[in-house]
Structures are given as structure tokens and as C-alpha cells.
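K.L.:
Sequence first, then the predicted structure, then my questions.
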Amino acid sequence: MMHDTGLFSPNELTLIGYLLFFFSLISFLWYFYVVLGVCRLMKTHPSFVLIGSHCIADLWTMMQYVWLSFDIVLKNKLAASYPLATMFYNFGWYPGLFHFTVVAFNRTHIVLDPVKHDRFWTQRISILFATLSWTLGCLLSVTFSYILPAESSAYYIYVPVNFAKKTGESLQENMLLYTELSINAATLIPLLVAYVFSLAYSLQLTCRQHFGKAVDQITLFTKKPKTQKGNLKWNVQQRLWIICIFNLMPSAIHVFFLTFQPHTSTGILALFRSFFGLFATMIPSVLLPLFSTLVRKNLPFMPQKACVTTVAPFTMTESSSRLRAAQTTFGK
């Protein structure tokens, strides 16, 4: 079944295979490199298990892209059947989606109520949600690969051998579509809430600073002990730019592509969707070191030097108090 003629010629598929192999291998190695830095930064943090589990799911998915592209170059000589190949791919993809959703709710909670967030998101809770994500993800993978397999190869996510031939309207295909739409919608809604509240709070900080009021007098949207105000104000300000935005766009665009399911799909559109899937998986590994000085400082072989991180409207130097804020920001 993997040897069906798709929307591209054999020569075009070979070129695509080489390109996908290059980008997927580089992405996998870079993601693994960044994960090492994040693990060094968060190894004692309560959310270490949740973040580490999410990274494993992403690395598994990216490794399947490497294997797939290598198989395309060899003209499907290593390919298994569609259901088996798709099941292996989805062992990382579906758990990754569930992890993404859990982290979205986690980050909404930390913006809406930072004090209760620290009390609720313990290591035990992180282990519980990570286990549920893997269990539900693997069950979905087996279900859509063998129990309710789609009739059209377009819905087998292990692409781009056929690059989304015409899709059908079977019950299994619609279930697969709406399942992924539901997971992505569950991710987008809390991220939008977190973004709106963070943006509002950021504007509040900016306005009060311009009107000359002390930053320590600014209150959050939730009640908290007076002794914690100084620690929490920087966390919320940082979340606006680092947490909410970089996870919102990939999921939003993925929802668009899932909704734009294509009886009239062209090979170029399907090819773009395939490369976008790789991009959406690895984008955190680019933005984390880009926006976080602490992540960069913990990357292996990275030169150590004193840094100043600017997040409008404030500028702060590295300090022991900032360490906890950044760990909270990137770990939850």
C-alpha cells in the first residue's frame, strides 16, 4: 500500500525525500540539544516530568520524519504497511497533542492564579497528566490504525509518500478529523485566555509605570499574600512574550489545515502541511533559547557570560530570584 502512486513523480519524491531528511535530521539533533539544556535547568522542578515527557513525544515524532524521509529516498524499500507505520508515528504525535493541551491549561492557570498554580501543579500531578497523555495517545493511535482504519491513505498521518490523495467521507475519516480538531481547540482556548490576561496585565504595568506608580504596588487579577507580589509581577510580565505566543500560532495554523480538508487538495498543499508538521513540532526548541537567557546558559558547550535580558517594559539582570521565575515560566 505504501507503493501507491501519489501526487508527485518518483524523481520529485526523491528530491522531497532528501530535503525532508536534511531538515528533519537537523531539527531532531537541535531539539535534542535544547532538551539537554532544559533538563539541566529544570531537573529539580516539579514540572520536570511533564516537560520531559512532552519532549520525548516530540523527539519520537521527529524521529519518524527522519525515518520516513530516508524511506522516500530509498523508494519505499523499508516501508511497512500504512497502519503499522502510522501507528508508530502516532505513538509520538497523539501523546504530544495531549501534552500540548495539558501544558496549555497549565499556562492559563499560572496567569490567572499564580499562587494556587504552585500548590496544584506538584510533581505527582505532573506524573498523573503525563501518564494519562501517553495512555490516551497510544489508545487513539491503535484505534485509528487498526480498529477504525480510514479508507483513504490521505488520513494516514505518516506522510508524504502519497501526499494526501483525495479524501473520503467515511465515519473513520471524520472521527480522525474531529478528534484532532477537538484536541487543538482544547489547546487554543486556554492559550487565548492566557494571552488576553497576560496582555491586559502587561498594559497595566506599562501604564502604571508611565504614570509614576511603583511597580510593587501593582496588583494581579487574583488575590495573593503581600509578600509574594514582588516575585509574581515579573513572572506574569515574562509569560506574555515567552509562553503564550510561541505555542499559540502552530496550533492555530494546524487547526486551519485540519479544517481545510481537501477533496481538491493539491500536492503542494499536502507537501506544505507535511513540512509544517515538522516545523510545529520543533518550534519550541528555537524560541526557548532565543527568548530565555537561562536556557541558553544551560545549553551544553555554550560559552558562559553575564547577560542582561530585556522584556518590555523592564530590563533585568540575572539573579537568584530570577532563576525561580524563569523555572516557573518554562516549566509550567
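P.N.:
Right, received. Where do you want to start?

K.L.:
where does the stretch 1-150 of the chain dip in pLDDT?
P.N.:
Scanning the stretch 1-150 of the chain for pLDDT under 70 picks out the ranges 1-8, 76-82, 149-150.

K.L.:
swap the cut-off to 90 and go again
P.N.:
By pLDDT under 90, the weakly predicted segments of the stretch 1-150 of the chain are 1-24, 27, 34-52, 54-55, 57-119, 121, 123, 137, 140-150.

K.L.:
element containing residue 285, please.
P.N.:
Element membership of residue 285, judged by DSSP states H and E, is helix 267-291.

K.L.:
what is the mean pLDDT for that helix?
P.N.:
The pLDDT scores in helix 267-291 average 70.

K.L.:
Buried residues, whichever helix or strand comes after it. List them.
P.N.:
Once the chain leaves helix 267-291, the next helix or strand it forms, by DSSP H and E, is helix 293-298. Residues of helix 293-298 classed as buried by neighbour count (16 or more other C-beta atoms under 10 Å): 293-298. To be clear about C-beta, it is placed using only N, CA and C from the backbone, and glycine gets the same treatment.

K.L.:
In terms of secondary structure, what does helix 293-298 contact?
P.N.:
Helices and strands touching helix 293-298, by 3 or more C-beta pairs under 8 Å, 6 or more residues apart in numbering; DSSP states H and E, are helix 10-42, helix 267-291, helix 320-331.

K.L.:
Could you dump the ones you listed into JSON lines with distance to residue 124 and mean neighbour count added?
P.N.:
Listed next are the helices and strands packed on helix 293-298 as JSON lines, based on distance: least, C-beta to C-beta, whole Å; neighbours: other C-beta atoms under 10 Å:
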{"stretch": "helix 10-42", "distance to residue 124": "17", "mean neighbour count": "17"}
{"stretch": "helix 267-291", "distance to residue 124": "25", "mean neighbour count": "18"}
{"stretch": "helix 320-331", "distance to residue 124": "15", "mean neighbour count": "17"}
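
K.L.:
Among these, single out whichever gets nearest to residue 101.
P.N.:
helix 267-291 (14.2 Å; C-beta to C-beta).

K.L.:
Doesn't residue 46 lie inside a strand?
P.N.:
No: according to DSSP: H, G, I helix; E, B strand; the rest coil, residue 46 belongs to no strand; its state is coil.

K.L.:
wait, it sits on residue 122?
P.N.:
Yes: Residue 46 is within contact range of residue 122, at 5.4 Å (criterion: C-beta atoms under 8 Å).

K.L.:
Pick out whichever of the two has more residues nearby.
P.N.:
Taking other C-beta atoms under 10 Å, residue 46 and residue 122 do not tie; residue 46 has more neighbours (19 against 12).

K.L.:
Now the more buried one. Nearest residue, chain neighbours left out?
P.N.:
Closest residue in space to residue 46, ignoring its immediate chain neighbours: residue 123 at 4.5 Å, by C-beta to C-beta, 6 or more residues apart in numbering.

K.L.:
Quick one: residues contacting that neighbour.
P.N.:
Residue 123 sits next to 46-49 when contact means C-beta atoms under 8 Å, 6 or more residues apart in numbering.

K.L.:
could I get those residues as TSV with distance to residue 178?
P.N.:
Putting those into TSV (distance: C-beta to C-beta, whole Å) gives the following:
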residue	distance to residue 178
46	34
47	30
48	33
49	30
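
K.L.:
Pick the one among those residues closest to residue 40.
P.N.:
residue 48 (10.8 Å).

K.L.:
The closest one touches residue 40, doesn't it?
P.N.:
No: if you go by C-beta under 8 Å, residue 48 and residue 40 don't touch, sitting 10.8 Å apart.

K.L.:
where along this protein do the strands fall?
P.N.:
With strands called from DSSP state E, the chain shows them at 308-311, 314-317.

K.L.:
State the mean pLDDT of the first one.
P.N.:
To tie it back to what came earlier, the one meant is strand 308-311. pLDDT averaged over strand 308-311 gives 38.
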